[in-house]
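A.B. asks: Test case, fold it:
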Amino acid sequence: MSADFELLAERFRHDAESNKVWLRYLTEKGIGEPDTAVFAHILSGQEAWYRRCMGVEVWEMPNVPATVAAIQDLQVNWQEVLSARADDPLIHYHRLDRTPGHLRLSQIAFHVLDHGTYHRGELRGLCRARGDEDFPETGLSAFYLRTNS
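C.D. replies: Next comes the predicted model:
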């Protein structure tokens, strides 16, 4: 696996851990819409892009259950995609509106990670808007502090 893909694999571990932390938080607090829809969107987007990387056309967003098992499955799938490549292939796909596109595998992986980070930030904003200040800290530095201690 190339150094770039090793970094991406590490970031997918961070992403999965962050998603598990947020799932636990949303579940324990009994928080529903719109937070659960945002969280489901993170997982669905990750699955849609994984399928595209595997050569499967995606015409609608997949329905991924918000479970620890689903989060772990997504992480394993992305780890396998990244570890199987020494090169950085161009992935041809269609957007949901059927517009064709193509990106490098690394670009897609970085997008998927950025997408999750962006929407977990959105979850923080929703919490703050409700006055909830006990939301989890899942930034990359917090991940490094937890895993390097």
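
A.B. asks: tally of neighbours for the nearest residue to F135 once chain neighbours are set aside?
C.D. replies: Once flanking residues are discounted, F135 sits nearest to C127: 4.2 Å by Cβ to Cβ, 6 or more residues apart in numbering. C-betas here are computed from N, CA, C, even on glycine. If you count neighbours by other Cβ atoms under 10 Å, C127 ends up with 19.

A.B. asks: after the one helix or strand C127 maps to, next one along is what?
C.D. replies: Using DSSP states H and E, C127 sits within helix 105-130. Heading C-terminal from helix 105-130, the first helix or strand you meet, by DSSP H and E, is helix 140-147.

A.B. asks: how close does the most centrally placed residue in the chain sit to V81?
C.D. replies: Nearest residue to the geometric centre of the chain (Cα atoms, centre = their mean): G116, 4.4 Å. In this view, G116 and V81 are 16 Å apart by Cβ to Cβ, to the nearest Å.

A.B. asks: and if you look at V38?
C.D. replies: V38 is 25 Å from V81, by Cβ to Cβ.
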